[in-house]
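**Q** Need the 3D shape of this:
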Amino acid sequence: MNAFGREFRSRLRLGFAHAFALRRQESQIEAEDLALLDRFARLLADRGLATPAVFLVESLIPLGFLASQLVHAMTPIMGMVASPDDIERLARALEREETPALFVDRLRLMEEGQRRES
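**A** Model (predicted):
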């Protein structure tokens, strides 16, 4: 095998080694992400969907990365109430390990605030 073939195989092997690897996201959540979680929590709470959303997010916490993929799958529906950029940012935020629990906390706070107002 010539040098080109060896180099090509080496590059190909390196590429496939990382092709399906999931990168760990930085654990710090940016202020913009927190504001986004608040906006989505408010949208869901205003429509009376906080409890079902809490159930859905909590059921997906053990599945980790799949929660963000569900957001991508629901993009056509979510596009009625949010911009594509916000939906993409939410999906990226949900890839982080601690974000689903933060989102559930924010949903519960929004729901509790609405109960007090009623």
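**Q** which residue is nearest the centroid of the chain?
**A** For the chain, the residue nearest the mean C-alpha position is L94 (2.3 Å; C-alpha atoms, centre = their mean).
**Q** right, and it touches L63 too?
**A** No. Look at L94 against L63 with C-beta atoms under 8 Å: they stay out of range, at 10.8 Å. Heads up, the C-betas are built off the backbone N, CA and C, glycines and all.
**Q** quick one, what contacts the residue nearest to the centre of the chain?
**A** The contact partners of L94, by C-beta atoms under 8 Å, 6 or more residues apart in numbering, come to A67, S68, V71, P100, F103.
**Q** Which one (most neighbours) among those residues?
**A** Among the contacts of L94, the one with the most neighbours (other C-beta atoms under 10 Å) is F103, at 27 neighbours.
**Q** could you say which helix or strand contains it?
**A** If you go by DSSP states H and E, F103 is part of helix 99-117.
**Q** what helices or strands is that helix leaning on?
**A** In terms of contacts (3 or more C-beta pairs under 8 Å, 6 or more residues apart in numbering; DSSP states H and E), helix 99-117 is packed against helix 31-46, helix 50-60, helix 84-94.
**Q** again, 10 Å this time
**A** Applying 3 or more C-beta pairs under 10 Å, 6 or more residues apart in numbering; DSSP states H and E, one finds that helix 99-117 contacts helix 31-46, helix 50-60, helix 65-73, helix 84-94.
**Q** Report the inter-axis angle for the first one versus helix 84-94.
**A** Our comparison of helix 31-46 with helix 84-94, counting by axes from the mean of the first three to the mean of the last three C-alpha atoms, to 10 degrees, yields an angle of 100 degrees.
**Q** Quick one: mean pLDDT for helix 31-46?
**A** Helix 31-46 comes out with an average pLDDT of 90.
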